[in-house]
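*Asks:* What would the 3D arrangement of this be:
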Amino acid sequence: MAAGGRGLYGRDEIRKIDAHAHVGEFGSWCGVGITAEGMAAEMALYGIERAIVSYPDNRVALDAQKSFPGTLHALAWMNPTLPSAADEFRRLAGEGLVAGLKLHPLFDAYTANDECVFPLMEEAAARDLPVFVHSGHPPFSLPWSIGQLAEEFPKARVVMVHMGHGHGVYIQAAIDTARRIPNIWLENSGMPMHTKTREAYLRVGSGRIFWGSDVPFHHYAVEILRTEVSGLGRSQLEDVFHGNITRFMGW
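*Replies:* Just a heads-up that it's a prediction; the model follows:
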């Protein structure tokens, strides 16, 4: 599916923004990676206008953003277990360098609702910067824990990345939790149950679910197709692929 071409079943190409991707190299068991240049090329191929990116070393995401301004938007990946995390996030946010906060409880080994996260949440809420939280892996990033974090900070805008990820129980919990807590949005990258994107759109709210790729861990073509076959109509797909994240980010 090339940019400017026609989508699945002959539909005109739908504009796309990737609400969740990573730039850089992930070694060890992952064995995946993508450069900023490679990402920009792939985005052009699949008709993706912008991508929200992060990497454990924030310099990598910031360099990518600098190389492709207006196309790649860096989040500040912060590890709240480090004493310097809140001050560093405050600096990055204060200088207008980042589009939001990224928390990865699994990668950095803390639970999503741990009090160590609170200073970062307070800073993000005060600046109205969105908080993207990895979900789907016990014991660190369960949907219920992210729900408790969102309830603790009702003024924060919390995005539950992967909406429960690969486990059906967690996927359902992500939908149920977001339906109950109004300051949670869902992002669907790597979530294998295509029909759950439609369920989230209808049950949580038409404006509260985003499409994402999780590149380089997943492929654009697979992630696009999974959402296209979710059972949503053309205008609904436009919300998920483009409109919702555009409004959410204020673009």
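
*Asks:* Can I take it that residue 73 is in a strand?
*Replies:* Yes: assessed with DSSP: H, G, I helix; E, B strand; the rest coil, residue 73 lies in a strand.

*Asks:* which residues does it contact?
*Replies:* Contacts for residue 73 (Cβ atoms under 8 Å, 6 or more residues apart in numbering) come out as 50, 51, 52, 53, 65, 99, 249. Quick note: C-beta positions are derived from backbone N, CA and C, even for glycine.

*Asks:* how would you label the nearest residue to the first one once chain neighbours are set aside: helix, strand or coil?
*Replies:* With Cβ to Cβ, 6 or more residues apart in numbering as the criterion, residue 50 has its nearest non-adjacent residue at 4.7 Å, and that residue is residue 17. Reducing the assignment to helix, strand or coil with three-state DSSP, the entry for residue 17 is strand.

*Asks:* give me the low-pLDDT residue ranges for this structure?
*Replies:* 1-12 (pLDDT under 70).

*Asks:* let's go with 90 and repeat that
*Replies:* 1-13, 27-30 (pLDDT under 90).

*Asks:* before we move on, back to that, please tell me how far the residue nearest to residue 50 sits from residue 46.
*Replies:* 12 Å (Cβ to Cβ, to the nearest Å).

*Asks:* Residue 169 too?
*Replies:* 31 Å.

*Asks:* returning to that earlier point: would you mind measuring from the residue nearest to residue 50 to residue 121?
*Replies:* Plainly put, residue 17 is 25 Å away from residue 121 if you go by Cβ to Cβ.

*Asks:* what about residue 70, neighbour count?
*Replies:* Residue 70 has 9 neighbouring residues, counting by other Cβ atoms under 10 Å.

*Asks:* quick one: contacts for it?
*Replies:* Counted by Cβ under 8 Å, 6+ apart, residue 70 has contacts residue 50.

*Asks:* what are the ranges of the helices in the stretch 51-200 of the chain?
*Replies:* For the stretch 51-200 of the chain, the helices defined by DSSP state H, counting those that start in this stretch cover 58-67, 85-94, 105-108, 118-126, 143-152, 168-180, 194-203.

*Asks:* Name the nearest residue to residue 224, ignoring sequence neighbours.
*Replies:* Counting by Cβ to Cβ, 6+ apart, the nearest residue to residue 224 once its immediate chain neighbours are dropped is residue 46, at 6.5 Å.

*Asks:* re the thing from before, top of the contacts of residue 73 by number of neighbours, please.
*Replies:* Neighbour max across the contacts of residue 73 (other Cβ under 10 Å) = residue 53, 29 neighbours.

*Asks:* okay but it is in contact with residue 71, surely?
*Replies:* No: the pair residue 53 / residue 71 is not scored as a contact, 9.8 Å apart, by Cβ atoms under 8 Å.

*Asks:* more crowded one of residue 17 and residue 46?
*Replies:* Shown here are residue 17 and residue 46; by other Cβ under 10 Å, residue 17 has more neighbours (23 against 20).

*Asks:* Quick one: residues contacting the more buried one.
*Replies:* 48, 49, 50, 51, 52, 211, 241, 242, 245, 246, 251.

*Asks:* count of neighbours near residue 48?
*Replies:* Neighbour tally, residue 48, other Cβ under 10 Å: 25.

*Asks:* Residue 215 is in contact with that one, correct?
*Replies:* No: using Cβ under 8 Å as the test, residue 48 is too far from residue 215 to be in contact (9.5 Å).

*Asks:* Mutual contacts of these two, please.
*Replies:* Shared contacts of residue 48 and residue 215 (Cβ under 8 Å, 6+ apart): 18, 42.

*Asks:* Residue 100: what's it in contact with?
*Replies:* Counting by Cβ under 8 Å, 6+ apart, residue 100 makes contact with 52, 75, 76, 124, 129, 130, 131, 132.

*Asks:* Next, format those as JSON lines and append distance to residue 139.
*Replies:* Shown next, in JSON lines, are the contacts of residue 100 (distance: Cβ to Cβ, whole Å):
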{"residue": "52", "distance to residue 139": "27"}
{"residue": "75", "distance to residue 139": "24"}
{"residue": "76", "distance to residue 139": "25"}
{"residue": "124", "distance to residue 139": "23"}
{"residue": "129", "distance to residue 139": "27"}
{"residue": "130", "distance to residue 139": "25"}
{"residue": "131", "distance to residue 139": "20"}
{"residue": "132", "distance to residue 139": "20"}
